[in-house]
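Engineer: below are the sequence and a predicted model; questions follow.
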Amino acid sequence: MQISNVTFDEIAIGDTTTYTRLITNQEVEAFAAISGDHNPLHLDPEYAATTAFGECIAHGMLTGALISAAIAMQLPGPGSVYLSQNIQFRAPVMLEDTLTVTLTVTDKHAKRPWVTLQCEVANQEGKAVAKGEAQVAAPTESETVTIVPPPAIQLVEAASVSGD
C-alpha cells in the first residue's frame, strides 16, 4: 500500500480528514504490554466490574495514539512531525467501540511549516470521547511512501509468579 502526504503549502484552513478504528480487547492488551500501563481497570473484568464503568475500558492514551495515527497516515501524512497535543477525555472507550478521529486544520503558522489541528474522537454513537488540539510540523516536500506492515504481535499469558 502506498500513501502520499499533504505539504504545508497544499494545506488550507478548514481541511479535514477522518480515521476510524475498532477497539478490541486485543488492542487494549497490546497497548498495556507496550506502554507498561497494567491498570486493572483496562485488563481485569472482575476488578473493572466494581468501578463506575462496570467493565473494562480502553486506555485514554490508546485514544491519543489514534490521533497520532491520523496525523501520520493522513493529514499531513508521511514526513509530518507531531510537536504537541492537548487532549481532554470526555467519555470512556469501551471494548468493541468503533472510534472515528476527525482532524480539522484551524491555523497555519507562516514563520514555520506548522499547522494547528482540532482533534475530535467520537464513538460509533457519535458521542465525543476525546477532544483536543495538536501542533504539527507539516512536510514541505511531496512524497509517496510504501507502508511497511508492522510485525505481527502475539499476546501470551504471563506465567504466574509464586513466592516459593
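Structural biologist: Cool, got the structure.
Engineer: ok, Leu66 touching Thr98?
Structural biologist: No. Leu66 is beyond contact range of Thr98, at 11.0 Å (criterion: Cβ atoms under 8 Å). All C-beta atoms are positioned from the backbone trio N, CA, C, and that covers glycine.
Engineer: shared neighbours of those two, which are they?
Structural biologist: Common neighbours of Leu66 and Thr98, using Cβ atoms under 8 Å, 6 or more residues apart in numbering, are Arg21.
Engineer: centre-most residue in this structure?
Structural biologist: Leu66 (1.4 Å; Cα atoms, centre = their mean).
Engineer: with adjacent residues omitted, what lies nearest to it?
Structural biologist: Once flanking residues are discounted, Leu66 sits nearest to Val101: 5.1 Å by Cβ to Cβ, 6 or more residues apart in numbering.
Engineer: and the residue nearest to the centre of the chain, what does it touch?
Structural biologist: Here Leu66 is in contact with 19, 21, 99, 101, 121 (criterion: Cβ under 8 Å, 6+ apart).
Engineer: secondary structure class for it?
Structural biologist: helix (DSSP: H, G, I helix; E, B strand; the rest coil).
Engineer: any idea how far Met73 is from it?
Structural biologist: Separation of Leu66 from Met73 (Cβ to Cβ, to the nearest Å) stands at 10 Å.
Engineer: so what sits against both of these two?
Structural biologist: Tyr19.
Engineer: can you list the strands that the lengthiest strand in the chain pairs with?
Structural biologist: Longest strand in the chain by number of residues, with DSSP state E as the criterion: strand 98-109. Here strand 98-109 has these sheet partners by DSSP bridges: strand 16-22 (antiparallel), strand 114-122 (antiparallel).
Engineer: export the ones you listed to JSON lines and tack on distance to Ala91?
Structural biologist: Below are the strands paired with strand 98-109 laid out as JSON lines (distance: least, Cβ to Cβ, whole Å):
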{"stretch": "strand 16-22", "distance to Ala91": "16"}
{"stretch": "strand 114-122", "distance to Ala91": "9"}
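Engineer: can you put the ones you listed in TSV and add mean pLDDT and mean neighbour count?
Structural biologist: TSV is the format used below for the strands paired with strand 98-109 (pLDDT from 0 to 100; neighbours: other Cβ atoms under 10 Å):
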stretch	mean pLDDT	mean neighbour count
strand 16-22	98	15
strand 114-122	98	21
